[in-house]
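Visitor: here's my sequence, what's the structure:
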Amino acid sequence: DDDVNAEHARQPPPTKRMSKFSDRDRWNRIVQNDLENIPIGLIILWVNFICNSNATVTSICAILFATCRILHTILYAFQMQPFRSIAYSVALLSISTAAINLVIGAVSEA
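Guide: Okay, the predicted model is just below:
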């Protein structure tokens, strides 16, 4: 009975999340994800300013994108699902909206 209690005491508490990735692997994946998503988002936002795009829509999209990408990194680091996916989805939606805004601005300029 004492052996069972001693073994139970050595196990991590049930609230601690166990991950199959080490901290180093997790941060490498975070950086890779940022490198895949942030540059294209910034390009779309920057081109919005060159075209005759709606400045209010572009500004809202830029603020949402930046905020959600920062949140995504924090939530990824702390393994907080589904909030990480929600932050990613909102960032993706904001860039998609900015891309549509870009096309509308470019077409209306022509």
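Visitor: so, low pLDDT: which residues of the chain?
Guide: 1-19, 109-110 (pLDDT under 70).
Visitor: helices of that one, start to end?
Guide: Taking DSSP state H to define them, one finds helices in the chain at 2-10, 23-50, 55-77, 83-109.
Visitor: separation between Ala62 and Ala91?
Guide: Ala62 sits 11 Å away from Ala91, going by CB to CB, to the nearest Å. Every residue, glycine included, has its C-beta placed from N, CA and C.
Visitor: of the two, who's got more company?
Guide: Ala91 (23 against 20; other CB atoms under 10 Å).
Visitor: identify the residue spatially nearest to the more buried one, adjacent ones excluded.
Guide: By the measure of CB to CB, 6 or more residues apart in numbering, the closest residue to Ala91 outside its immediate chain neighbours is Cys68, 3.7 Å from it.
Visitor: next one: Ser53
Guide: Ser53 sits nearest to Gly105 (CB to CB, 6+ apart), 3.2 Å away.
Visitor: so the one you found makes contact with Asn54?
Guide: Yes. Between Gly105 and Asn54 a contact is recorded at 6.7 Å, counting by CB atoms under 8 Å.
Visitor: these two: which has the busier surroundings?
Guide: Gly105 (20 against 16).
Visitor: how about the contacts made by that one?
Guide: 48, 51-54 (CB atoms under 8 Å, 6 or more residues apart in numbering).
Visitor: quick one, which of those are buried?
Guide: 48, 51, 53-54 (16 or more other CB atoms under 10 Å).
Visitor: what is the most widely separated pair among those?
Guide: Distances among the buried ones among the contacts of Gly105 were taken as CB to CB; the most separated pair is Cys51 and Asn54, at 10.0 Å.
Visitor: hmm, back to that, Ser22: which of the contacts of Gly105 is nearest?
Guide: For the contacts of Gly105, the nearest to Ser22 is Asn48 (39.1 Å; CB to CB).
Visitor: the closest one contacts Ile100, correct?
Guide: No. Counting by CB under 8 Å, Asn48 does not reach Ile100; the two are 10.4 Å apart.
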